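A.B. asks: Pasting the sequence and the predicted coordinates here, then a few questions.
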There are 4 protein chains.
Amino acid sequence: MRVTVWNENRHEKKNPEVAKIYPNGIHGAIASFLEEKGFEASTATLDEPEHGLTDEVLEKTDVLVWWGHLAHDEVSDQIVEKVHERVLKGMGLVVLHSGHFSKIFKKLMGTSCDLKWREADEKERLWVVDPSHPIAEGVDQFIELEKEEMYGEHFDIPTPDQLVFVSWFEGGEVFRSGCTYQRGNGKIFYFRPGHESYPTYHHPDIQKVIANGVKFVQPVKRDYPIYGNAQPLETISNKPE
Amino acid sequence: MRVTVWNENRHEKKNPEVAKIYPNGIHGAIASFLEEKGFEASTATLDEPEHGLTDEVLEKTDVLVWWGHLAHDEVSDQIVEKVHERVLKGMGLVVLHSGHFSKIFKKLMGTSCDLKWREADEKERLWVVDPSHPIAEGVDQFIELEKEEMYGEHFDIPTPDQLVFVSWFEGGEVFRSGCTYQRGNGKIFYFRPGHESYPTYHHPDIQKVIANGVKFVQPVKRDYPIYGNAQPLETISNKPE
Amino acid sequence: MRVTVWNENRHEKKNPEVAKIYPNGIHGAIASFLEEKGFEASTATLDEPEHGLTDEVLEKTDVLVWWGHLAHDEVSDQIVEKVHERVLKGMGLVVLHSGHFSKIFKKLMGTSCDLKWREADEKERLWVVDPSHPIAEGVDQFIELEKEEMYGEHFDIPTPDQLVFVSWFEGGEVFRSGCTYQRGNGKIFYFRPGHESYPTYHHPDIQKVIANGVKFVQPVKRDYPIYGNAQPLETISNKPE
Amino acid sequence: MRVTVWNENRHEKKNPEVAKIYPNGIHGAIASFLEEKGFEASTATLDEPEHGLTDEVLEKTDVLVWWGHLAHDEVSDQIVEKVHERVLKGMGLVVLHSGHFSKIFKKLMGTSCDLKWREADEKERLWVVDPSHPIAEGVDQFIELEKEEMYGEHFDIPTPDQLVFVSWFEGGEVFRSGCTYQRGNGKIFYFRPGHESYPTYHHPDIQKVIANGVKFVQPVKRDYPIYGNAQPLETISNKPE
């Protein structure tokens, strides 16, 4: 399975604190642990030509992982269209943290994708609410992150097809943290944690969940459905006038 | 709409603290605010003959509200069968708090309905996660209860058809607190709050949600589906051998 | 409840056969039976200024009914944006038949909304698959339409929150014909039947379902959620460094 | 993965026509193609001691496939309890055709599981309504069975977590033919086709779907959740009175 990890890669360039946590960028960190877990992973970033998402790259991508925050508006609408079409055709998509506000996620959801947030070094607990789900494989009752940015409800997303994690935050909020969706032939997994100023993507359980998510959204091998004008059963086409 | 509020009514008899909070029983308190809100409400309790749920009572009940805790096992299997059949035929069911372990709820869910719990006077916040849902009508972003028993995930229920509330608890847990289900012609609403030692059912927002829930699960006026051996379209029955 | 019935109103102008079936337009026919059923209904059409959907009209609309087919592209993006925002803020939306390809429905769904189709005067049976749903109130086991356009799977929509009807067609296809969705504070009901060359909207059961649908998607009375930077519980804000 | 294929194996003994189609029983046919597809498959039947489902067998079964029809009532309640507990603990369950009326399926669903039926050698088309689902992998737009028993809506099951197939029948009915459910740590797949008098389980696409289903419901490797009285976060347990 070929995974492309996309990152806007701006915090890493602007903020030395972030660069210290993710010396190879958030994309580099994610691609690296995915490689370790046996996936074929490469990266793409905003400032590359076509944001690194050329037709060639998209065509050979089975699963696209997306992290963005500061520069959602700089992502070209044309690339968003292409990614959207690829998802409907079967490419898996894993959207992380502030990617909730990316053009591609909003386009696939049809909602504002807005939420509450707070940067206050709060403890987060991601509780497993569907223990039968393959994305929760190998995860204990909950994942505890000592410090994270808070995201709180209401999270303006369509009702998830499957809800895997619900987060608890010290300051009094909850959040639907792990959600799956089906769109056309494609599957989407949204996973909340991963603020740039915390070492969240170095946490072994977070890595496990992202790897499980990548596996879960992998494309199903089948033709794209046929749409448009359709022939009836012969019994109908032969019916007397 | 005729509502029957069922309560095992044992804590109220055994524990003066509970009797002080609910002098007319939990059933009395709930029936009373439902009456105030315009429903025709009556009550039934465990120690009445047939637990107060005679054929006559069940037949004229549009929505049954259920509270039980200490004495789930004392509810007769025969009555549970009758209530189950009435739900499939269209009667609405609102299950409150420790009713999660009642025979009727477990039978309708098909799971253990187990959960975590703790009695520690914790703050609870019930967050609205589906603001489009009629059960959340008139409710602010969340309902805050100063002190309640904690119920925590994993809550062993089938994936809810609709998830309306998620609770946050001071001690670190979350809980799917407001869940709806469809079973046959009937609808079910499970609502978490209401430990007997707190005045939860006197809280105006809790009363509002229970009233909304009663309205939501009211029976749809239609015939019960026809099952069994079925006739085909005439075009098929006339087809030449 | 104030309902606005929107129609592109082109078939009626171009095709005398359609005008004969719907002398006051499809919008006129729908508004008329909704009025009879007690709703306050008005109409709006494509060729009116702002397509008849001025800010004033949208603001006082509780539920918008949408029929379009030939001229989806002529609907201005700006109006679509406004309708989209109104839905997220709570306005109900009922999308009929070929409205599956309207800009507003595709934007809310996030998918292509493509399907199979055939104009062959086929019998359609809309089977009720959720007898507990208020949209199916008063409807028999199925609704039979002697002749309709066929719409067949795969229908490229997100998994419906609730599936109420599944259609059977003479020529061998099935279709998810009655689907509900939640988006923000708003609710959506898609209902398949209603090709312009058949008197479908004069059928009493179809009228009943559309009226039920309008009632179902009516706005819930509550404030729009608060998004953005949020304050924590005082226990957190006071915690010692 | 170890699969146990359970069959009541009565039609095969009583009816030479069925025995001709399935000389090794329906269980034998299914186990055989699963073996060919790389699963470790064994069989169990009603008339064996403990119906072939001893504690030892159940413990080592990852996925149980269930076919029953004539003798649901002869299945011991004690065995049903054990299978139920195993499903909640994570064992996958694939229920086939008339298994909809088995004690174990009804117990897991909480409904009557009733439906319409007709034996009239009708054509069935199973349409894929979720092309992103792994159970539909390798399947064309639909599977066509020349002759099958008809099952029609309303099918009295809880709303499926995922709906993969919808059947079309010549005589005018539709049916939710491929449904998945989550119960505790376990997953369930119900798949409609397979009347004993037709060679349905020799059809390559049906075999593909059953194999996909077995893979889909395989247990997730994780501990069973902890239920009961729970400790709070230390911040709570230390809070001043």
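C.D. replies: Done, it's in.
A.B. asks: who touches the residue nearest the centre of chain A in this structure?
C.D. replies: Nearest to the geometric centre of chain A sits A:Val95, at 1.7 Å (Cα atoms, centre = their mean). Contacts for A:Val95 (Cβ atoms under 8 Å, 6 or more residues apart in numbering or on different chains) come out as A:66, A:102, A:104-105, A:188-191. For every residue, glycine as well, the C-beta is placed using N, CA and C.
A.B. asks: near chain B too, which of those residues?
C.D. replies: When Cβ under 8 Å from any Cβ of the partner chain is applied, no member of the contacts of A:Val95 is adjacent to chain B.
A.B. asks: any idea how far A:Gly184 is from B:Asn229?
C.D. replies: Separation of A:Gly184 from B:Asn229 (Cβ to Cβ, to the nearest Å) stands at 39 Å.
A.B. asks: Which one's more surrounded, the two?
C.D. replies: Between A:Gly184 and B:Asn229, A:Gly184 has the larger neighbour count (other Cβ atoms under 10 Å in any protein chain shown), namely 26 against 9.
A.B. asks: What's the separation between that one and C:His154?
C.D. replies: Distance check for A:Gly184 against C:His154: by Cβ to Cβ, it reads 9 Å.
A.B. asks: so what sits against both of those two?
C.D. replies: By Cβ under 8 Å, 6+ apart, A:Gly184 and C:His154 have these common neighbours: D:Pro131.
A.B. asks: quick check, the residue nearest to the centre of chain A in a strand?
C.D. replies: Yes - membership of A:Val95 in a strand is supported by DSSP: H, G, I helix; E, B strand; the rest coil.
A.B. asks: Any figure for the gap between it and A:Pro204?
C.D. replies: As judged by Cβ to Cβ, A:Val95 and A:Pro204 stand 21 Å apart.
A.B. asks: now the strands: where do they sit in chain A?
C.D. replies: Ranges of strands in chain A, per DSSP state E, are A:2-7, A:40-45, A:63-67, A:92-96, A:116-128, A:142-152, A:162-169, A:174-183, A:186-191, A:228-229.
A.B. asks: can the last one be found next to chain C?
C.D. replies: Spelled out, that is strand A:228-229. Yes - applying Cβ under 8 Å from any Cβ, one finds strand A:228-229 touching chain C at A:228-229.
A.B. asks: So what are the sheet partners of that strand and their directions?
C.D. replies: Strand pairing for strand A:228-229, using DSSP bridges, gives strand C:116-128 (parallel).
A.B. asks: which residues touch the nearest residue to A:Arg10 once chain neighbours are set aside?
C.D. replies: Excluding the flanking residues, the one nearest A:Arg10 by Cβ to Cβ, 6 or more residues apart in numbering or on different chains is A:Leu70, at 4.8 Å. Shown in contact with A:Leu70 (Cβ under 8 Å, 6+ apart): A:8, A:10-11.
A.B. asks: How about A:Asp73?
C.D. replies: By Cβ under 8 Å, 6+ apart, the residues touching A:Asp73 are A:Lys103.
A.B. asks: can you pull the pLDDT of it?
C.D. replies: Looking at A:Asp73, its pLDDT is 98.
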